[in-house]
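Novice: Requesting a structural model of the entry that follows:
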Amino acid sequence: QKKKTQFVNMKRGKPRRTRNSSLPLYGRPRTRVAKRRRQVITSALLLCLMLICSIGMLWRHRGSTVPTPQLKTTKSTIKRPQPNVNMIESNDNLEKNEIEETLRAHEKEIFFPSSTIPIKKATAPVPIRRETPYNEKLMPPTSLNKIPRLDPYRIKRELGNDEMLNDNDCTNHRRSIPMHAKALDIVQVYSPPEDGGPLLLCIIYTYEKKHPAARIAAQTWLHRCDGALVLSDKNDTDAYAIAVPHTGPEAWGNIWQKTRANWRYIYENYFDQFDYFVFGGDDMYILASNLKRYLASPEIAQKTNSGQPLYLGRRFKANGNAEKIFNSGGAGYVFNRQALQLLYDVFDQPFCQPNLKGFWEDVMVAQCLKKAAISTQAYDTRDPQGRERFHPFTPGQHLSYHAPKDGNDWYLKYSIDLKFGRDCCSPESVAYHYVKPDLMSHMDALLFRCPRTRSSSESHSSIE
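Specialist: As a prediction, this is how the structure comes out:
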């Protein structure tokens with residue numbers, strides 16, 4: 001009977017123990033329950049072993065001080081100059097916390113050297129901040145407060161000397177960009193006010209691929225501002241750039257979130273230090289001395305000193321609608337401190353669309369300011385003859401532009417009282433857009449490093 005039972009159970013290839021079987025088993029398979037039980041036991045044993053090892057290590061080092069990980073957690077990807085190692089290693093008895101304090105002090109000096117802070121401070125009235133608390137869920141990322149405060153004077157300190165060029169070099173620059181050179185003959189380069197004028201912070205935003213262009217901007221015009229910042233998605237000391245995180249991807253279709261984060265970083269770090277803030281992309285070119293002269297003019301200074309918010313730039317009509325005026329982001333726009341305070345205060349408001357993903361950041365800035373506590377609209381920055389100071393294209397493009405016969409052109413539709421030919425640009429022009437690195441170098445040489453033998457009025461009347 002026992003043999004019969006074994007034979008029946010082995011017909012399907014695997015011997016099994018039956019209720020009446022006492023025969024030995026050969027390779028009885030593991031059931032799922034048994035396999036799971038073994039896995040649980042193994043995991044429990046490993047956890048116990050790890051716990052025992054941890055306790056042993058703590059007991060072994062019970063008399064020593066655990067080093068702080070602060071330097072590792074705050075370390076940035078920026079390649080910073082190394083501290084004086086000889087000074088630290090010369091004292092063998094120096095405690096570890098004293099070494100860390102030295103490193104932190106050196107790191108602070110890199111980002112914000114105290115010796116470079118100008119004596120003059122911002123003089124415009126400080127606007128009143130809103131009393132209600134901010135909704136941090138709708139504000140730009142709170143991680144901004146962990147970013148080092150970048151030294152705004154580094155570019156001016158390292159690149160602030162303009163070397164004049166000889167006649168041959170100037171001739172070569174002019175021949176390289178003949179139409180642009182002809183348009184630049186209209187522009188008069190003014191000296192800054194004798195007292196230095198208002199303090200101007202120039203900011204360009206960029207991303208890693210465009211860091212070479214940002215470095216050209218720093219070498220050409222950024223160093224003429226009182227302070228300068230390059231805000232990017234990656235740290236890069238060669239491009240003078242610091243990474244400012246924002247919500248969403250680094251993409252052209254998400255510039256509004258990038259702009260919100262950049263303005264929050266600017267407000268929370270430099271608001272009390274400067275009177276005016278000019279903001280644009282890495283293909284913007286600013287004549288800082290002309291801009292400072294305009295900001296110091298009685299027209300602008302009186303409004304700022306009286307506490308009026310100012311939002312300056314090249315005005316456009318959105319889709320030709322005169323009720324929706326905004327300043328072109330490409331040509332750059334300027335805030336005084338009052339306007340920057342208003343923008344910061346409405347970042348979390350529904351009408352400012354804090355969760356929007358879009359490329360029309362200049363339109364959104366105008367919308368936020370228009371509905372702020374003090375309704376602020378784009379200010380008319382044309383000169384007394386109606387010529388524009390801020391330009392959304394390159395000099396040569398403005399000089400050669402003519403309206404199409406059918407009138408079907410977005411630039412004509414968006415512009416306000418557009419002028420053509422020699423009246424396209426004011427002699428007091430301050431900004432151009434779509435300026436590539438090569439063109440930027442040529443323009444800067446002709447404007448600031450080559451002798452300008454003709455006055456603005458003479459050149460203006462002689463251009464055909």
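Novice: how about the strands in the stretch 301-450 of the chain?
Specialist: Secondary structure of the stretch 301-450 of the chain (DSSP state E, counting those that start in this stretch): strands located at 311-312, 315-317, 325-327, 333-336, 431-432.
Novice: Please read the previous query as pertaining to the stretch 101-250 of the chain.
Specialist: With DSSP E, counting those that start in this stretch as the criterion, the stretch 101-250 of the chain has strands at 200-205, 227-232, 241-243.
Novice: and the first one, what other elements does it pack with?
Specialist: Spelled out, it's strand 200-205. Applying 3 or more Cβ pairs under 8 Å, 6 or more residues apart in numbering; DSSP states H and E, one finds that strand 200-205 contacts strand 227-232, helix 255-270, strand 276-281, helix 288-295. (Each C-beta comes from the backbone N, C-alpha and C, glycine too.)
Novice: Dump the third one to PDB, keeping only the CA atoms.
Specialist: Presented in PDB, the C-alpha positions along strand 276-281 are these (Å, rounded to 0.1, in the frame of the first residue of the first chain):
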ATOM      1  CA  TYR A 276      17.300 101.500  -9.900                       C
ATOM      2  CA  PHE A 277      17.300  98.000 -11.400                       C
ATOM      3  CA  VAL A 278      17.600  97.300 -15.100                       C
ATOM      4  CA  PHE A 279      16.700  93.800 -16.200                       C
ATOM      5  CA  GLY A 280      17.100  91.900 -19.500                       C
ATOM      6  CA  GLY A 281      18.600  88.900 -21.400                       C
END
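Novice: That strand to helix 255-270, inter-axis angle?
Specialist: 150 degrees (axes from the mean of the first three to the mean of the last three Cα atoms, to 10 degrees).
Novice: Stretch 447-454 - what's its average pLDDT?
Specialist: Stretch 447-454 shows a mean pLDDT of 79.
Novice: Pull up the per-residue confidence for residue 348.
Specialist: At residue 348, pLDDT is 94.
Novice: before we move on, back to that, dump the strands of the stretch 101-250 of the chain to a markdown table, plus mean pLDDT and distance to residue 312.
Specialist: Below are the strands of the stretch 101-250 of the chain laid out as a markdown table (pLDDT from 0 to 100; distance: least, Cβ to Cβ, whole Å):
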| stretch | mean pLDDT | distance to residue 312 |
| --- | --- | --- |
| strand 200-205 | 98 | 12 |
| strand 227-232 | 97 | 18 |
| strand 241-243 | 95 | 25 |
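Novice: And those: which comes nearest residue 294?
Specialist: Ranking the strands of the stretch 101-250 of the chain by proximity to residue 294 (Cβ to Cβ) places strand 200-205 first, at 10.5 Å.
Novice: Parallel or antiparallel, list what pairs with the closest one.
Specialist: Strand pairing for strand 200-205, determined by DSSP bridges: strand 227-232 (parallel), strand 276-281 (parallel).
Novice: ok, residues contacting it?
Specialist: 152, 214, 217, 221-222, 225-232, 258-259, 262, 266, 270, 273-282, 284, 286, 288, 291-292, 295 (Cβ atoms under 8 Å, 6 or more residues apart in numbering).
Novice: sorry, back to before: could I get the strands paired with strand 200-205 as JSON lines with mean neighbour count and distance to residue 379?
Specialist: Output for the strands paired with strand 200-205, formatted as JSON lines (neighbours: other Cβ atoms under 10 Å; distance: least, Cβ to Cβ, whole Å):
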{"stretch": "strand 227-232", "mean neighbour count": "25", "distance to residue 379": "23"}
{"stretch": "strand 276-281", "mean neighbour count": "24", "distance to residue 379": "12"}
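Novice: Give the burial count for residue 57, as a bare number.
Specialist: If you count neighbours by other Cβ atoms under 10 Å, residue 57 ends up with 10.
Novice: Before we move on, what's the pLDDT of it?
Specialist: At residue 57, pLDDT is 71.
Novice: Can you lay out the strands paired with strand 200-205 as JSON lines showing distance to residue 431?
Specialist: Shown next, in JSON lines, are the strands paired with strand 200-205 (distance: least, Cβ to Cβ, whole Å):
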{"stretch": "strand 227-232", "distance to residue 431": "15"}
{"stretch": "strand 276-281", "distance to residue 431": "7"}
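Novice: can you tell which of those strands is closest to residue 190?
Specialist: strand 276-281 (16.3 Å).
Novice: relative to helix 288-295, how tilted is that closest one?
Specialist: Using the same axes, to 10 degrees: strand 276-281 against helix 288-295 is 130 degrees.
Novice: pLDDT of the next helix or strand after strand 276-281, averaged?
Specialist: Under the assignment DSSP states H and E, the closest C-terminal helix or strand after strand 276-281 is strand 285-286. Mean pLDDT, strand 285-286: 98.
Novice: Check which helices and strands strand 285-286 is in contact with.
Specialist: strand 431-432, helix 437-444.
Novice: Quick check: which of those is buried the most?
Specialist: Mean neighbours per residue, mean count of other Cβ atoms under 10 Å, is largest over the helices and strands packed on strand 285-286 for strand 431-432, with a mean of 30.
Novice: how far out from the middle of the chain is stretch 347-361?
Specialist: In terms of Cα atoms, centre = their mean, to the nearest Å, the centre of stretch 347-361 is set 17 Å apart from its chain centre.
Novice: What residues of that stretch count as buried?
Specialist: Going by neighbour count (16 or more other Cβ atoms under 10 Å), the buried part of stretch 347-361 is 347, 348, 352, 354, 360, 361.
Novice: mind putting those residues in CSV, distance to residue 249 included?
Specialist: Below are these laid out as CSV (distance: Cβ to Cβ, whole Å):
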residue, distance to residue 249
347, 20
348, 22
352, 21
354, 17
360, 17
361, 15
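Novice: count of residues packed around residue 406?
Specialist: 6.
Novice: before we move on, back to that, let me have the helices and strands packed on strand 200-205 in a markdown table, extended by distance to residue 187.
Specialist: Conversion of the helices and strands packed on strand 200-205 to a markdown table gives the following (distance: least, Cβ to Cβ, whole Å):
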| stretch | distance to residue 187 |
| --- | --- |
| strand 227-232 | 21 |
| helix 255-270 | 28 |
| strand 276-281 | 17 |
| helix 288-295 | 8 |
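Novice: For residue 347, list the residues it contacts.
Specialist: 134, 138, 139, 140, 260, 263, 264, 354, 368.
Novice: Does residue 218 touch residue 237 like I think?
Specialist: No: the criterion here is Cβ atoms under 8 Å, and residue 218 misses it with residue 237 at 11.4 Å.
Novice: These two: who's more crowded?
Specialist: residue 218 (24 against 14).
Novice: Let's have the helices and strands packed on strand 285-286 in TSV, adding distance to residue 300.
Specialist: Formatted as TSV, the helices and strands packed on strand 285-286 follow (distance: least, Cβ to Cβ, whole Å):
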stretch	distance to residue 300
strand 431-432	15
helix 437-444	25
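Novice: Among the helices and strands packed on strand 200-205, single out whichever gets nearest to residue 323.
Specialist: Closest among the helices and strands packed on strand 200-205, using Cβ to Cβ: helix 255-270, at 21.1 Å.
Novice: elements contacting that closest one?
Specialist: strand 200-205, strand 227-232, strand 276-281, helix 337-345, helix 361-370.
Novice: Centre of the chain to the longest one, how far?
Specialist: Here helix 361-370 shows a centroid-to-chain-centroid distance of 18 Å under the convention Cα atoms, centre = their mean.
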